[in-house]
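Asker: what follows is a predicted protein model with its sequence.
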Number of protein chains: 2
Amino acid sequence: MSRVLLIEDDQGVRDGLRLALTRQGHAVRAVESGEQGLAELADADVVVLDLMLPGIDGFEVCRRIRAAGNLPIIMLTARGDDMDVVAGLEAGADDYVVKPVQPRVLEARIRAVLRRTDEPAQRTDVEQYGDLTLDRASLVVSRNGEQVGLAPTELRLLLELSSAPGRVLSRQQLLESVWEHGYLGDSRLVDACVQRVRSKIEADPARPHYIQTVRGFGYRFGPL
Amino acid sequence: MSRVLLIEDDQGVRDGLRLALTRQGHAVRAVESGEQGLAELADADVVVLDLMLPGIDGFEVCRRIRAAGNLPIIMLTARGDDMDVVAGLEAGADDYVVKPVQPRVLEARIRAVLRRTDEPAQRTDVEQYGDLTLDRASLVVSRNGEQVGLAPTELRLLLELSSAPGRVLSRQQLLESVWEHGYLGDSRLVDACVQRVRSKIEADPARPHYIQTVRGFGYRFGPL
DNA sequence: ACCGCTGTGACACGACCATGACATTCCGCG
DNA sequence: CGCGGAATGTCATGGTCGTGTCACAGCGGT
């Protein structure tokens, strides 16, 4: 849905929010310091910023983000004092959320902020299958927010299989649509490619979850 | 400072907030029902909306305001349950504040919301991608404030790629849209031009940040 | 005529892929 | 219950393809 830059030094909170936001379909980049965050600004649509950071503190990070552009910022902190809220918003934050926060509340606030700042050009070519995200426009595949590097043929194979979730495609069909040369005796070609894709997107390639073998027929995509 | 429409049925809260916001320099119009509020929308820059209202309730008022335009809405309510917050934001609110609220906190949130919504006035053809600035009106491209001299074809290529950030464009597509002659066997034309643009806008052309190669498919603009 | 832009070809290099041999699993049948 | 064959998984490797890179020549404009 959108690219979230999460700056949070507590690893537990960081991982929890990353997982939750990823599940909501966001591309989350999580870093643990302000310096790292400032280096990643170009890749973000919105920043979720903890105030208590090692090194340069959250307020300073906020000011620098403001100076660099008009990227929306949601402050996330344990300090819910009125003075803190006012100071945070005056520093340029778009919203101020007090920890602990329910992920879906945070997600709703992210959406509310993006509604204001995002252009109507929303990217909607993303598909979500469990913890697998598949963007047919940018041709990016990611798992748990982690981008997966697929080779061209592997990517074409995955796209082909996922374009018909649940349907079994024979090796012959795949050879025609993915490799474009229809006839090729018996060959482990498709098998080998499927194997490579599995090794990259499956948690346990021996027990595939996304690309399943249908013995005697071919392969099928999709968690069923 | 700005015109605030306060919709709140409790007279004590209403008068208190009106006084406080007026002191901050806002022009406050305070009404006690949704019907009255909806009649006053034209004169407001931002709405502070109580959810517990007699007659039509706050959610319905919110939806009607949304339907009427994109006037920013701050929900103000005693119900701070997570579900309520999510529901309120989903209904189209820009912010959600739980009573009791310090007037200056509310004022800071009003300012934060207005900072976003007043901006569309400066809607220009200037786009910002990281440290790259792209002005589609004046056709000026600059990096870190430094103007970049691009040749006509290079500029068209960059504009084409950046008009669909994140989307992968094939060499064929680029030949058609940038060069306007569709068919041209195999040619390194696009590659060469991409290379030239990279050498001018990328900090490290060997590891491009803005124009990325998607092996086997084409090129993609924008950091992902 | 100069100069910058643009298209083209040659070359290098790395990544990828087709291939075949071998291991493993699955399934039916004795 | 075990066996055998077929289908599939796994792996290493050399060849091939895609891309980066460069130099150069035509061309058009100032």
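Answerer: Great, that's in hand. Residues are numbered from 1 along each chain as shown, chains lettered A, B, ... in the order given.
Asker: end to end on stretch A:36-47, go ahead and measure it.
Answerer: Stretch A:36-47 has an end-to-end distance of 12 Å (criterion: Cα to Cα, to the nearest Å).
Asker: near chain B, anything from that stretch?
Answerer: Yes - interface with chain B: stretch A:36-47 contributes A:41, A:42, A:43 (Cβ under 8 Å from any Cβ of the partner chain). C-betas here are computed from N, CA, C, even on glycine.
Asker: from residue A:148, how far out is the residue lying closest to the second one once chain neighbours are set aside?
Answerer: The reference is to residue A:42. Nearest non-adjacent residue to residue A:42, counting by Cβ to Cβ, 6 or more residues apart in numbering or on different chains: residue B:130, 2.8 Å away. Between residue B:130 and residue A:148 the distance is 24 Å, computed by Cβ to Cβ, to the nearest Å.
Asker: next, give phi and psi for residue A:158.
Answerer: phi -60, psi -40 (degrees, to the nearest 10).
Asker: where does pLDDT dip in chain A?
Answerer: Along chain A, segments meeting pLDDT under 70 span A:1, A:118-124, A:182-186, A:224.
Asker: residue ranges of the strands in it, please?
Answerer: In chain A, the strands defined using DSSP state E lie at A:3-7, A:27-31, A:46-50, A:73-77, A:95-98, A:126-129, A:132-135, A:140-143, A:146-148, A:168-170, A:211-214, A:218-221.
Asker: list the contacts of the second one.
Answerer: For strand A:27-31, the external contacting residues (Cβ atoms under 8 Å, 6 or more residues apart in numbering or on different chains) are A:1-8, A:14-15, A:17-18, A:21-22, A:37, A:40, A:43-44, A:133, A:142, A:145, B:224.
Asker: adjacent strands (with direction) for that strand?
Answerer: Sheet pairing of strand A:27-31 (DSSP bridges) gives strand A:3-7 (parallel).
Asker: repeat that for the last one.
Answerer: Each strand that pairs with strand A:218-221, with its direction, by DSSP bridges: strand A:168-170 (antiparallel), strand A:211-214 (antiparallel).
Asker: and residue A:143, how many neighbours does it have?
Answerer: Using other Cβ atoms under 10 Å in any protein chain shown, residue A:143 is surrounded by 18 other residues.
Asker: same thing with the one 10 residues further on?
Answerer: By other Cβ under 10 Å, the residues close to residue A:153 number 15.
Asker: wait, it sits on residue A:194?
Answerer: No - counting by Cβ atoms under 8 Å, residue A:153 does not reach residue A:194; the two are 10.8 Å apart.
Asker: just want the most central residue of chain A.
Answerer: With distances taken as Cα atoms, centre = their mean, residue A:27 lies nearest the centre of chain A, 2.8 Å away.
Asker: what's the separation between that residue and residue A:196?
Answerer: 24 Å.
Asker: follow-up on the earlier one: now the buried members of the contacts of strand A:27-31.
Answerer: Among the contacts of strand A:27-31, the ones that count as buried by 16 or more other Cβ atoms under 10 Å in any protein chain shown are A:1-8, A:14, A:17-18, A:21-22, A:37, A:40, A:43-44, A:133, A:142, A:145, B:224.
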